[in-house]
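Visitor: Turn this into a model:
(one chain, ligands or ions: 2)
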Amino acid sequence: MTHIAVLGSTNMDLVAFVAKAPQRGETVTGREFRTVPGGKGANQAIAAARAGATVSMIGAVGNDAFGTRLRETLEHSGVDTDFLRTVEGPSGTAHIVVDDEGGNSIVVVPGANGTVDHLSPGDEGLIASADTLLLQLEIPPAAVVAGAEAARRHGVRTVLTPSPIQPLPPGLLAATDLLVPNQYEAITLTGRTDPREAAAALLELVPRAVVTLGATGCLYVARDAAEPLVVPAPRVEAVDTTGAGDTFTGALAVALAEEKPVREALSWAAAAASLSVERAGASASMPYRPEIDARFTS
Ligand code: ATP
Ligand code: RIB
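Guide: Numbers count the residues shown, from 1 in each chain. Ligands and ions are numbered 1, 2, ... in the order given. Down below sits the predicted model:
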């Protein structure tokens, strides 16, 4: 079985479902409130585990009730949490508004994630034992760089989700094998508004990139590929897109580690992500491998 390590965030998502998100200064009445385990790191870990990999999570939760539930949720999906520290103080939280079109806006308060600013003893050994390391930007950049460089030293493939978008340190780019921005992030990183041009420009930064394009699908480019690959997303009724990108990336990492051909890996990941948008919540919506296989072949 492939082994994926994730170095990243865990958040409790505090989700209000409303018809239409409020403007500044406006108050609206919501329909429903849910607490759903999330955080880009934990989401990618759960997505990869449910997609069939052995997964280890490196990060931190707080010593509060959210921290306990976040750890339990990871473990229930089969994620190894031996390297998920419990620290003094609150867990990370994400304050999310989901509207009737399934779109969202999010404020993240890092909490315990802010303490993950370096690799702790044992982290490098764990990274070295993995096939792939998944990284995002919801923990301090110093740890992301250290993780990517540790992976590089040990010949471990790195996949970076540049979210929340921020300037990427040159050392991080140099140690990234595959970058997976959404359209907004790709535009911000390259200054190009056309997705194809933005994707091509990303190859000046990293050897391979996938630009995700929401309901449209994704665009894959590689320095060693003659042409970009355009892969459509299955057409579905979106209920909540929170975590769609994380589901896509977690599943893609598994498929690539299993050495599926790239186009098949992208379609399989798109099948996984399409299942996640049909259901509410980030981690709660993530599909298990048999569901992904059924959607992929249908
Ligand atoms: P999010 O922040 O909502 O988790 P994202 O902005 O990181 O997502 P997107 O490009 O919106 O990333 O979506 C990632 C992938 O999820 C897409 O490439 C697509 O495969 C799938 N996806 C997203 N929205 C939909 C949708 N409405 N219908 C089908 N698939 C979708
Ligand atoms: O990518 C989705 C995630 O972003 C949510 O689960 C939330 O925690 C925010 O970090």
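Visitor: the strands in this structure, which residues?
Guide: Secondary structure of the chain (DSSP state E): strands located at 3-7, 11-17, 32-38, 54-62, 84-87, 92-98, 104-109, 132-135, 157-160, 178-179, 208-212, 217-222, 229-232.
Visitor: Smallest gap between the protein and ligand 1, at which residue?
Guide: Of all residues in the chain, residue 245 sits closest to ligand 1, at 2.2 Å by CB to the nearest ligand atom. (C-beta placed from N, C-alpha, C; glycine too.)
Visitor: Give the full set of residues in contact with that residue.
Guide: Contacts for residue 245 (CB atoms under 8 Å, 6 or more residues apart in numbering) come out as 161, 163, 180, 182, 212, 273.
Visitor: switch to 10 Å and redo it
Guide: Residues near residue 245 by CB atoms under 10 Å, 6 or more residues apart in numbering: 40, 43-44, 47, 136, 161, 163, 180-182, 185, 212, 214, 273, 276.
Visitor: distance of it from ligand 2?
Guide: Distance of residue 245 to ligand 2, computed by CB to the nearest ligand atom, to the nearest Å: 6 Å.
Visitor: got it, and residue 62?
Guide: Going from residue 62 to ligand 2 by CB to the nearest ligand atom gives 14 Å.
Visitor: Excluding residues flanking it in the chain, which one is nearest that residue?
Guide: What sits nearest to residue 62 in space, not counting adjacent residues and going by CB to CB, 6 or more residues apart in numbering, is residue 91, at 3.8 Å.
Visitor: Confirm for me that the one you found is in contact with residue 66.
Guide: Yes - between residue 91 and residue 66 there is a contact under CB atoms under 10 Å: 4.0 Å.
Visitor: Find residues that contact each of the two.
Guide: Common neighbours of residue 91 and residue 66 (CB under 10 Å, 6+ apart) are 10-12, 37, 111-112.
Visitor: So which of the residues you listed wins on neighbours?
Guide: residue 10 (36 neighbours; other CB atoms under 10 Å).
Visitor: Could you list which residues are in contact with residue 126?
Guide: Residue 126 is in contact with 3, 5, 7, 56-58, 80, 82-83, 119-120, 133, 150, counting by CB under 10 Å, 6+ apart.
Visitor: Could you measure from it over to residue 149?
Guide: Note on residue 126: its distance to residue 149, by CB to CB, to the nearest Å, is 15 Å.
Visitor: Tell me, what's the model's pLDDT at residue 239?
Guide: Here, the pLDDT recorded for residue 239 equals 89.
Visitor: typo on my end, residue 298
Guide: Per-residue pLDDT puts residue 298 at 53.
Visitor: still on that earlier bit, for residue 156, state which of the shared contacts of residue 91 and residue 66 is nearest.
Guide: residue 10 (21.5 Å; CB to CB).
Visitor: In PyMOL, how would I select the buried members of the contacts of residue 126?
Guide: Entered in PyMOL, the line below selects the buried ones among these, by 16 or more other CB atoms under 10 Å:
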select buried, resi 3+5+7+56+57+58+80+83+119+133+150
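Visitor: is it possible to export the contacts of residue 126 to a markdown table including pLDDT and distance to ligand 2?
Guide: A markdown table is the format used below for the contacts of residue 126 (pLDDT from 0 to 100; distance: CB to the nearest ligand atom, whole Å):
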| residue | pLDDT | distance to ligand 2 |
| --- | --- | --- |
| 3 | 98 | 23 |
| 5 | 98 | 19 |
| 7 | 98 | 15 |
| 56 | 98 | 19 |
| 57 | 98 | 14 |
| 58 | 98 | 16 |
| 80 | 98 | 20 |
| 82 | 98 | 22 |
| 83 | 98 | 20 |
| 119 | 96 | 21 |
| 120 | 93 | 22 |
| 133 | 98 | 18 |
| 150 | 98 | 23 |
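Visitor: Between which two of the contacts of residue 126 is the distance greatest?
Guide: Pairwise distances among the contacts of residue 126 were taken by CB to CB; the largest, 19.0 Å, belongs to 3 and 120.
Visitor: rewinding a little: neighbour count: residue 91 and residue 66, which is higher?
Guide: residue 91 (29 against 22).
Visitor: Please name the nearest non-neighbouring residue to the residue nearest to the spatial centre of the chain.
Guide: Nearest to the mean C-alpha position of the chain, counting by CA atoms, centre = their mean, stands residue 246 at 3.0 Å. Nearest residue to residue 246, sequence neighbours excluded (CB to CB, 6+ apart): residue 43, at 3.5 Å.
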